[in-house]
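*Asks:* Need a 3D model of the following:
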Amino acid sequence: MKIVIVGGVAGGATAAARIRRLDEQAEIVVFERSGFMSYANCGLPYYIGDVIADEEELTLQTPESFFSRFRVKVKTHHEVTAIHPDRKTVTVKKLSDGTSFEEKYDKLLLAPGAKAALPRVQGIDSEKLFTLRTVEDTLRIKNYIKTHRPHSVILAGGGFIGVELAENLCELGMDVTIIQRPRQLLTPFDEDMAAFFHAQMRRYGVKLLLGRTVTGFVEADRGVAVQLDRDGTLRADMAILALGVTPDTALAEEAGIALGIKNSILVNDKMETSVPDIYAVGDAVQVKHAVSGENALISLAGPANKQGRIAADNICGGDSHYHGSQGSSVIKIFDLTAATTGLSENDAKRCEFSVDKVILSPMSRAGYYPGGSVMTIKVIFEKDTYRLLGAQIVGREGVDKRIDVLATAIHAGMRATDLKDLDLAYAPPYSSAKDPINMAGFMIDNIANGTLKQWHVEELHTLLRRTDVTLLDTRTRREYAMGHIDGFANIPVDELRERLAEVPKGKPVYVICQSGLRSYIATRILEGNGYTAYNFSGGYRFYAAVMQDRALIARATPCGMDE
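*Replies:* I've put the predicted structure just below:
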């Protein structure tokens, strides 16, 4: 059997190695149009920032090492230009001299990946404008920085690559500005959770222009001018487009292979396309979102690797199935970590789930053990069924551990209330006896049994206009004096029992504290004394972060951003 693979990197290289492990006699040929057959795509921003110093560290396999280990023929700088399903051949162009030839196959695997999304605006061909998708793109950016020593850079796009680039360029001493059409960075997160990493970016000097659109680029002697949909232009020494990616599927389309959303390649759960004996994997294929069941494009290395393995199994006569992508992601933002899995609250509502959530701010370690830090956790679940839908965490340590627990719970189909029963490892340097995930479970279980009633930041505007409610802040007098929401009376929780006469009977009480713990205790005191009480999800710390972020986004301008 002869297998031809179009594209290396994650999906193609994984499939080639798996096929060889399953079939020692198969003839396997990989055609890769770039000069690198398998490289650490996710490491590219860190090479630009000198975190990864050696270029060779980015190269996971070379054609020579891959052949030595697996006896797979890898031909770099070879571009497949056409597929001929009727005669089971592909046309291959040798980029070094422009000559072409045909290669036969018994099974064909497409792993073309995705290409950088480019806006249709003027100046897109400027030499001071860059994209980051391949090793070649990385070397071009690296060489430009080394040669021209730019002091400022504009990043158009605030997705994962844009944020990672911003950090690394900032660490090189450059003045960094991110322009992003949505009013937040990292759109898999909800706007409220984004407030925490927006603050982190600003803290390290990265300027944010959110809710703005780039309309063009004009090259100048001293750099490039980026034109905006409003506020004129913003100048820098160089600009990098990080607007996301689109499936690279022209080859599949020309071959008559069925396409899905955004021209992605349609595959079944065995990674088979609409054409017999042709498979596809990676960033170019349409998948099912594992939580919503909707068609989706999820460009991540983990899913691409799994898909490559599944396609290889089926090419070799197996019966493996891909069950969808959950979108689990984690990112380093200077000394902060942000992670997400499953559906955001916004996406869950768009998918017409009946959504509820808890927001908590536990310590990453036991409170008495030095060095711990606060993390913010948001768990999204379905009302009534308590099905876990998604989760987001922002913090300084322990974030990756907790998001993986939540990702596993979602994959396993656990109810949100089941989180309280998880038996998780504990020692003071790593966690508390009540792990933050258990704490989320306790809160959700309290909602399920009626012990906890909540209110959320989006309800505040309406509450402040009502006269039939009592608004109560249960923090200390000092905390209250340092900042509070107008309209909230202050009774510290430890004085509440003695001062219940100050809380009118017959009105529901909406309670807030710094993190949500003391206000929860206050609601139990109030409920035990005949009141109906609601606890603010997230606490004043959460409220202040969200409100400050919204204000900074609204007043940011190119001339005085975030000031």
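
*Asks:* Relative to Ser38, how far out is Leu110?
*Replies:* Going from Leu110 to Ser38 by CB to CB, to the nearest Å gives 16 Å. C-beta here means a position set from N, CA and C on the backbone, and glycine is covered the same way.

*Asks:* Quick check: the gap between Ala301 and Lys142.
*Replies:* From Ala301 to Lys142 the distance is 21 Å (CB to CB).

*Asks:* again, but for Gln180
*Replies:* Relative to Lys142, and taking CB to CB, Gln180 is found at 24 Å.

*Asks:* More neighbours: which of the two?
*Replies:* More crowded of Gln180 and Lys142, by other CB atoms under 10 Å: Gln180, with 25 against 16.

*Asks:* can you count the residues close to the closest residue to the more buried one other than its chain neighbours?
*Replies:* The shortest distance from Gln180 to any non-neighbouring residue, by CB to CB, 6 or more residues apart in numbering, is to Gly158 (3.7 Å). By the criterion of other CB under 10 Å, Gly158 has 28 neighbours.

*Asks:* my read: Gly158 touches Thr177, true?
*Replies:* No: contact criterion CB atoms under 8 Å: Gly158 and Thr177 do not qualify, at 10.6 Å.

*Asks:* Mind pulling the model confidence for Leu118?
*Replies:* pLDDT, Leu118: 88.

*Asks:* Could you double-check that it sits in contact with Asp125?
*Replies:* No: using CB under 8 Å, Leu118 is not in contact with Asp125, being 9.9 Å away.

*Asks:* Who has more neighbours out of these two?
*Replies:* Leu118 (13 against 9).

*Asks:* Flag the shaky bits of this structure, pLDDT-wise.
*Replies:* 559-563 (pLDDT under 70).

*Asks:* Give the residues shared as contacts by Gly158 and Thr177.
*Replies:* Both Gly158 and Thr177 are in contact with Leu208, where contact means CB atoms under 8 Å, 6 or more residues apart in numbering.

*Asks:* count of residues packed around the residue lying closest to Lys434 once chain neighbours are set aside?
*Replies:* Leaving aside its chain neighbours, Lys434 sits nearest to Phe442 (7.5 Å; criterion: CB to CB, 6+ apart). Neighbour count of Phe442, defined by other CB under 10 Å: 18.

*Asks:* Which secondary structure state does Phe442 sit in?
*Replies:* helix (DSSP: H, G, I helix; E, B strand; the rest coil).

*Asks:* okay but it is in contact with Lys420, surely?
*Replies:* Yes: shown here, Phe442 and Lys420 form a contact pair, counting by CB under 8 Å, at 5.1 Å.

*Asks:* is it true that Gln307 touches Gly12?
*Replies:* No: taking CB under 8 Å as the definition, Gln307 is not a contact partner of Gly12, at 10.3 Å.

*Asks:* contacting residues around Val206?
*Replies:* Ala166, Glu167, Cys170, Val176, Thr177, Ile178.

*Asks:* Confirm that the fourth one sits in a helix.
*Replies:* Spelled out, that is Val176. No: Val176 is assigned strand when assessed by three-state DSSP, not a helix.

*Asks:* Report the contact partners of it.
*Replies:* So Val176 contacts Ser152, Val153, Leu155, Ala166, Leu169, Cys170, Gly205, Val206, Lys207 (CB under 8 Å, 6+ apart).

*Asks:* Let me have the residues you listed in JSON lines, extended by distance to Ala250.
*Replies:* Below are these laid out as JSON lines (distance: CB to CB, whole Å):
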{"residue": "Ser152", "distance to Ala250": "36"}
{"residue": "Val153", "distance to Ala250": "31"}
{"residue": "Leu155", "distance to Ala250": "27"}
{"residue": "Ala166", "distance to Ala250": "31"}
{"residue": "Leu169", "distance to Ala250": "32"}
{"residue": "Cys170", "distance to Ala250": "36"}
{"residue": "Gly205", "distance to Ala250": "41"}
{"residue": "Val206", "distance to Ala250": "36"}
{"residue": "Lys207", "distance to Ala250": "37"}
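
*Asks:* which among these end up buried?
*Replies:* Ser152, Val153, Leu155, Ala166, Leu169, Cys170, Val206, Lys207 (16 or more other CB atoms under 10 Å).

*Asks:* Of those, which is the nearest to Ser519?
*Replies:* Taking CB to CB as the measure, Ser519 sits nearest to Val206 out of those, at 33.5 Å.

*Asks:* And that closest one, how far from Gln184?
*Replies:* According to CB to CB, Val206 stands 14 Å off from Gln184.

*Asks:* any shared contact partners between those two?
*Replies:* With CB under 8 Å, 6+ apart, Val206 and Gln184 have no common neighbours.

*Asks:* nearest spatial neighbour of Asp335, skipping sequence neighbours?
*Replies:* Arg396 (6.0 Å).

*Asks:* List the buried residues for stretch 480-487?
*Replies:* Per 16+ other CB under 10 Å, stretch 480-487 contains these buried residues: Tyr480, His484, Ile485.

*Asks:* The second one touches Leu471, doesn't it?
*Replies:* If I follow you right, that is His484. No: taking contacts as CB under 8 Å, His484 lies outside contact range of Leu471: 10.2 Å.

*Asks:* Leaving out sequence neighbours, find the closest residue to Tyr46.
*Replies:* Ile52 (4.8 Å).

*Asks:* Cys42 is in contact with that neighbour, correct?
*Replies:* No: using CB under 8 Å, Ile52 is not in contact with Cys42; the gap is 10.8 Å.

*Asks:* gap between stretch 244-261 and the chain center?
*Replies:* With CA atoms, centre = their mean, to the nearest Å as the basis, stretch 244-261 stands 24 Å off its chain's centre.
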